[in-house]
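> kindly return the folded structure for what I paste below:
(one chain, ligands or ions: 1)
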Amino acid sequence: PIALQHGAHRIGRRTDADMEKWRAYGLGQFIHWGLYSIPAGEWNGKQYSGAAEWLKSWKEVSATAYDSLMYQFNPTKFNAESWAETAKQMGVKYVTITTKHHDGFCLWPSKYTNFTVANSPYKKDIIGPLVKAYDKRGIDVILYFSIMDWHNPDWRYDIKTREDSIAFDRFKQFTRNQLLELLTLYPTAKGLWFDGTWDKSWVKQAAFADSLEKEMRAMRPGLIIGSRFRADEYGKRHFDSNGNMMGDYEQGWERKIPEKIADVHGNDWDCVMTVPENQWGYSKVWKGHIKTTDELLEMLAKCVSLDGNFVLNFGPKPDGTLRTEELDLAKGIGEWMGINSEAIYNGEYAGLVKQDWGYYVKKTGTNKIYMLVFNVPVSGALNVVLPSRTAISKVYDLGNPGQNYAPEEIGTSAYFIHLKQQTFKRPFVIVLETADNS
Ligand SMILES: C[C@@H]1N[C@@H](C#Cc2ccccc2)[C@H](O)[C@@H]1O
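Residues are numbered from 1 along each chain as shown. As a prediction, this is how the structure comes out:
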């Protein structure tokens with residue numbers, strides 16, 4: 001291995017209670033809200049082809065004109081309790097909220113810039129009421145923070161000149177000030193979800209970022225920070241020059257899901273997912289495929305079956321209300337979670353041979369294995385292969401515990417679970433209790 005000063009400081013998973021709680025979440029909500037929600041991907045009557053929250057990067061948009069959106073930010077229908085209640089009904093255990101996206105606009109009254117809600121017609125802090133409303137419902141809050149800040153004149157994409165270096169030093173202090181400010185103002189926040197860390201200017205700040213991460217962890221013991229925050233001294237991101245993950249969980253799964261357990265390298269990870277193909281902030285037009293409740297439930301099942309959390313994005317409207325399509329999905333997911341959340345919360349990789357009918361999830365610390373069924377075979381027989389000398393001691397339908405199944409042993413530790421019916425309206429869960437029969 002290469003001697004590194006600023007690579008991974010821990011090999012393997014965190015084992016403390018804060019991280020074990022994070023690992024058990026299963027389902028989360030992402031919220032992308034800010035000035036970009038006002039134009040919603042449209043500018044001077046033309047539709048931007050990219051993601052709505054990236055509108056300011058469009059050459060047709062002048063930064064000055066975009067920044068003056070601050071004087072239009074007035075979400076009169078914003079109600080933090082209502083958002084948190086929707087999330088509660090959906091069954092999420094944590095929420096990641098944009099405090100500042102790449103455009104630099106702060107949803108909290110930061111004292112380090114004027115580009116905040118305090119100078120908008122709305123005037124009031126958005127983050128505080130959201131943290132309070134979610135905390136009240138037992139939903140943990142993670143604060144999203146973009147290092148890249150298109151509003152701050154000291155931001156640089158790279159450091160090429162002495163002037164760049166002097167400006168970016170100011171920018172680093174500004175960033176540190178804002179992060180310590182967020183941790184001070186919102187002490188119950190469980191973690192920080194960093195973004196906008198890919199440009200060379202930040203990738204060259206291994207020592208500074210490492211020191212800042214240590215400072216934040218010292219300030220807030222247990223704080224959860226992902227792999228996207230910093231690079232090592234050779235510019236390696238997420239995994240250092242020795243292949244070890246930096247941070248507490250892998251943040252590489254943006255709009256994609258690992259296929260097999262080997263893809264996650266034994267680390268904790270989250271998958272953050274949009275409802276349309278690629279829109280995080282509110283967009284007037286949702287082009288392409290819009291994911292259905294069943295598709296999102298399968299993504300959730302797949303993530304939990306591979307030791308990850310699934311975080312679904314919501315892009316609230318400029319008036320502060322949630323989009324109808326998102327409310328409908330939250331309701332559909334919530335109805336399914338109302339019956340089956342036992343198979344999601346405290347779930348982990350079961351270590352069994354994947355079958356076509358769906359996904360296994362093992363309840364952490366127990367002998368309970370959940371079969372999350374998405375594809376019913378024509379035979380109606382679900383194939384289950386357990387480790388040798390392991391037998392099934394009990395089988396029942398989570399949604400209908402009275403419905404017991406008599407597993408048919410078809411080989412050593414191999415079974416068929418014969419379904420009693422052929423058609424199912426929604427994905428369903430069968431519970432296996434196993435016993436060692438060596
Ligand atoms: C969580 C998501 N990360 C942000 C991004 C991005 C991005 C930008 C360029 C190329 C690939 C990805 C999106 O704007 C959203 O905040």
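> if I look at Tyr249, how far off is Asp270?
Tyr249 sits 6 Å away from Asp270 when distances are taken as Cβ to Cβ, to the nearest Å. C-betas here are computed from N, CA, C, even on glycine.
> quickly list what's touching both of these two.
When contacts are counted by Cβ atoms under 8 Å, 6 or more residues apart in numbering, Tyr249 and Asp270 have Gly226 as shared neighbours.
> in what helix or strand does the residue of the chain found nearest the ligand lie?
Shortest the chain-to-the ligand distance, computed as Cβ to the nearest ligand atom: residue-wise this is Trp280, at 4.2 Å. With elements taken from DSSP states H and E, nothing contains Trp280; it lies in neither a helix nor a strand.
> ok, the one 5 residues further on next?
Under the criterion DSSP H and E, no helix or strand holds Val285.
> what number of residues lie near it?
Look at Val285: counted by other Cβ atoms under 10 Å, it has 12 neighbours.
> for the residue of the chain closest to the ligand, which non-adjacent residue is spatially closest?
Setting aside the residues directly before and after it, Trp280 is nearest to His32 in space (Cβ to Cβ, 6 or more residues apart in numbering), at 4.0 Å.
> neighbours of that neighbour, just the number please.
The number of residues packed near His32 is 24, by other Cβ under 10 Å.
> kindly report the same for Ser227.
By the other Cβ under 10 Å criterion, the neighbourhood of Ser227 contains 23 residues.
> over to Trp198?
There are 13 residues near Trp198, going by other Cβ under 10 Å.
> any low-confidence regions in the stretch 1-150 of the chain?
Within the stretch 1-150 of the chain, the set of residues satisfying pLDDT under 70 is empty.
> how about the residues of it near the ligand?
Counting by Cβ under 6 Å from any ligand atom, the positions of the stretch 1-150 of the chain adjacent to the ligand are 32, 51, 53-54.
> kindly recompute the last result at 8 Å.
The stretch 1-150 of the chain has residues 30, 32, 51, 53-54, 98, 101-102, 144, 146 near the ligand, with proximity defined as Cβ under 8 Å from any ligand atom.
> the residue lying closest to Pro129 once chain neighbours are set aside - how many residues pack around it?
Excluding the flanking residues, the one nearest Pro129 by Cβ to Cβ, 6+ apart is Ala80, at 3.9 Å. Applying the criterion other Cβ under 10 Å, we find 18 residues in the vicinity of Ala80.
> looking at it, Ala80 is touching Asp135, isn't it?
No. Ala80 is beyond contact range of Asp135, at 10.6 Å (criterion: Cβ atoms under 8 Å).
> and Ser201, its phi and psi?
Ser201 has phi and psi values of phi -60, psi -40 when expressed as degrees, to the nearest 10.
> what's the longest helix seen in the chain packed up against?
What stands out as the longest helix in the chain, according to DSSP state H, is helix 162-185. Identification of packing neighbours for helix 162-185 by 3 or more Cβ pairs under 8 Å, 6 or more residues apart in numbering; DSSP states H and E yields helix 127-136, strand 140-146, helix 206-219.
> tell me which of those sits nearest to Pro407.
Ranking the helices and strands packed on helix 162-185 by proximity to Pro407 (Cβ to Cβ) places strand 140-146 first, at 37.9 Å.
> can you give me the helices in this protein?
Counting by DSSP H, residue ranges of the helices within the chain are 17-24, 63-67, 80-90, 127-136, 162-185, 200-203, 206-219, 293-305, 324-340.
> using TSV, lay out those helices together with distance to Gly365.
Converted to TSV, the helices of the chain look like this (distance: least, Cβ to Cβ, whole Å):
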stretch	distance to Gly365
helix 17-24	10
helix 63-67	50
helix 80-90	26
helix 127-136	26
helix 162-185	32
helix 200-203	39
helix 206-219	27
helix 293-305	15
helix 324-340	19
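> returning to what we had before: could you measure from the residue nearest to Trp280 over to Ser393?
46 Å.
> and for Gln422?
With Cβ to Cβ as the criterion, Gln422 and Ser393 are 27 Å apart.
> again, but for Glu342
Using Cβ to Cβ, one gets 18 Å for the distance from Glu342 to Ser393.
> which one's more surrounded, those two?
For Glu342 and Ser393, the more surrounded residue by other Cβ under 10 Å is Glu342, and the numbers stand at 16 against 13.
> who's in contact with the residue nearest to that one when sequence neighbours are not counted?
Once its chain neighbours are removed from consideration, Glu342 has its nearest residue in Leu398; the separation is 6.4 Å (Cβ to Cβ, 6+ apart). Residues counted as contacts of Leu398 (Cβ under 8 Å, 6+ apart) are 339-340, 342-343, 370, 428-431.
> neighbour-wise, give me the winner out of these.
The most crowded member of those is Ala343, carrying 29 neighbours; neighbours defined as other Cβ under 10 Å.
> that one contacts Leu372, doesn't it?
Yes. Counting by Cβ under 8 Å, Leu372 is a contact partner of Ala343 at 5.8 Å.
> near the ligand, which residues of the stretch 201-350 of the chain show up?
Those residues of the stretch 201-350 of the chain that sit near the ligand, judged by Cβ under 8 Å from any ligand atom, are 254, 272, 280-281, 313.
> I'd like to know which of those are buried.
Neighbour counting with 16 or more other Cβ atoms under 10 Å marks 272, 280-281, 313 as buried within these.
> any chance of these in TSV, with distance to His151 and pLDDT too?
Rendered in TSV, the data for these read as follows (distance: Cβ to Cβ, whole Å; pLDDT from 0 to 100):
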residue	distance to His151	pLDDT
Val272	24	99
Trp280	18	98
Gly281	16	98
Asn313	23	99
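> what about the closest residue to Val373 other than its chain neighbours, neighbour count?
Once flanking residues are discounted, Val373 sits nearest to Gly358: 4.5 Å by Cβ to Cβ, 6+ apart. Residue crowding around Gly358 was assessed by other Cβ under 10 Å; the count is 23.
> what sits against Gly358?
Under the criterion of Cβ under 8 Å, 6+ apart, the neighbours of Gly358 are 301, 371-375, 427.
> for Lys317, see how far away it is.
Using Cβ to Cβ, Gly358 is found at 35 Å from Lys317.
> and the closest residue to Met219 other than its chain neighbours, how many residues sit next to it?
Across the structure, with Cβ to Cβ, 6+ apart as the measure, the residue nearest Met219 apart from its sequence neighbours is Leu183 (5.6 Å). The burial count assigned to Leu183 is 17, neighbours taken as other Cβ under 10 Å.
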